[in-house]
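*Asks:* Return atomic coordinates for the entry below.
(one chain, ligands or ions: 1)
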Amino acid sequence: MPDLKRIKDRVAAALEGEQLTAEDAVDLLACEPATPEAEIIRHAAREVALKHSRQGRIWAAIGVDYRPCPRNCRFCSFGAAWRIVTQSEEWSIQQVISAADKFARGGADWITIRTTQDYPHEHICTIARALRAEIADCPKLVINTGEFTLGQAHELYAAGYRVAYHVYRLREGRDTGIDPAARLATLENIRRSPLELAFLVEPVGVEHTVEEIATEMIRARRFGATLTGVMARVPVPGTPLGDLPPVPEERLAHMVAVSRLVAGYTATDICVHPPSELALQAGANVVVVETGAVPRERDAVPREWRGLTIEQAREMLARHYSMVPAG
Ligand code: SF4
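*Replies:* Okay, the predicted model is just below:
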């Protein structure tokens, strides 16, 4: 456990704009949430959040396809080997437009189109073009899909996407069925393209060490993520990691606070998922509302995941930040 003096010193450095190192991040993450050290970290994270933006923001996500996936990531309900999802379903473009329009009118700041790993690139581009054509004042479009080349990154931008959500997952290649080098190549392609990067540390579970978590916080900053934060693993019964308990909310909020300080002045926005009041008090300013295919569920989600509507997300954020009125 690092001493209080060192924590105060590192937090003060972060507040002055110094970039924290991986070693600093490990020390901050190692503090137990119920200690004075952690309180100092959360307080500073909130201060940095308010310096960046006093704005709460909503990340709306639409899972377009629901199908057994041969990559068999050990936390994902779509993994074909777990036999949870056995049928394939895909939302029509009209369904995607309708959900996106509802999110846009509700005040979403981003609309994320999320697909399984190998969804066709051309369909992804078609969706963006349709959303831009059909939705007045279309919020920033985000693509969350599998790997893509630099040329495809430019095509995504030309189609209308402005952000790519892409991460190097915790234990990539061990708990996921994706080649870590391929993941890094896509991150590099995003960095070299006009797309912004959104990169949460995920999916965080009780099994991960502070070193592993710190490494991904630094990686997000190194790749220039403008939105970062932490996503906790939601245990899905029937998946290999489904019996491990979730990270306690206090711990999640503490990690969010550290991610705010590590991101420093590189990232504007810090996201927590699942939504957490404690994390919003600790520097997060973004929550996620999602619908459609959700890799944390055994069944498709026809309305909002866990019933969190965009209106409820706004109310939650408004307790901590100012909000732009919904359109
Ligand atoms: S996380 Fe993505 S790549 Fe892994 S099994 Fe699920 S859909 Fe497939």
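*Asks:* mind listing what Glu126 touches?
*Replies:* Careful, residue 126 is Thr; it's not Glu. Contact analysis of Thr126 by C-beta atoms under 8 Å, 6 or more residues apart in numbering lists 93, 159. C-beta: built from backbone N, CA, C; applies to glycine.
*Asks:* where does it land on pLDDT?
*Replies:* At Thr126, the model reports a pLDDT of 98.
*Asks:* Please apply the same query to Ala49.
*Replies:* 87.
*Asks:* In the helix or strand hosting it, which residues are buried?
*Replies:* Taking DSSP states H and E as the definition, Ala49 sits inside helix 36-52. Residues of helix 36-52 classed as buried by neighbour count (16 or more other C-beta atoms under 10 Å): 37-38, 40-42, 44-46, 48-49, 52.
*Asks:* How about stretch 157-168?
*Replies:* Along stretch 157-168, these residues count as buried under the neighbour rule (16+ other C-beta under 10 Å): 157, 159-168.
*Asks:* Equivalent analysis for stretch 74-83, please.
*Replies:* Going by neighbour count (16+ other C-beta under 10 Å), the buried part of stretch 74-83 is 74-79, 82.
*Asks:* excluding its backbone neighbours, what's nearest Val204?
*Replies:* Closest residue to Val204 apart from its sequence neighbours, by C-beta to C-beta, 6 or more residues apart in numbering: Ala232 at 5.2 Å.
*Asks:* Can you report how many residues lie near that neighbour?
*Replies:* Per other C-beta atoms under 10 Å, the neighbour tally for Ala232 reads 26.
*Asks:* I'd say it and Ala279 touch.
*Replies:* No: between Ala232 and Ala279 there is no contact under C-beta atoms under 8 Å: 9.8 Å.
*Asks:* which residues are common contacts for the two?
*Replies:* Any residue near both Ala232 and Ala279 by C-beta under 8 Å, 6+ apart counts here, and that gives Leu252.
*Asks:* how about the residues of the stretch 151-300 of the chain that lie near the ligand?
*Replies:* By C-beta under 6 Å from any ligand atom, the part of the stretch 151-300 of the chain that sits against the ligand consists of 176, 178, 295.
*Asks:* mind checking how far the last one is from Cys69?
*Replies:* Read it as Pro295. According to C-beta to C-beta, to the nearest Å, Pro295 and Cys69 sit 9 Å apart.
*Asks:* any residues in contact with both of these two?
*Replies:* 76, 78.
*Asks:* Confirm that Gly236 sits in a helix.
*Replies:* Careful, residue 236 is Val; it's not Gly. No: according to DSSP: H, G, I helix; E, B strand; the rest coil, Val236 belongs to no helix; its state is coil.
*Asks:* How about the contacts made by whatever residue of the stretch 151-300 of the chain ends up closest to the ligand?
*Replies:* Nearest to the ligand, among the residues of the stretch 151-300 of the chain, is Pro295, at 4.9 Å (C-beta to the nearest ligand atom). Neighbouring residues of Pro295 by C-beta under 8 Å, 6+ apart: 63, 76-78.
*Asks:* re earlier: contacts with the ligand among the buried residues of stretch 74-83, please.
*Replies:* With C-beta under 6 Å from any ligand atom as the criterion, those include 76, 78-79 near the ligand.
*Asks:* show me what contacts whichever residue of the stretch 101-250 of the chain sits closest to the ligand?
*Replies:* The minimum distance from the stretch 101-250 of the chain to the ligand, using C-beta to the nearest ligand atom, falls at Gln117 (3.7 Å). Applying C-beta under 8 Å, 6+ apart to Gln117 gives the contacts 69, 71, 145-147, 178.
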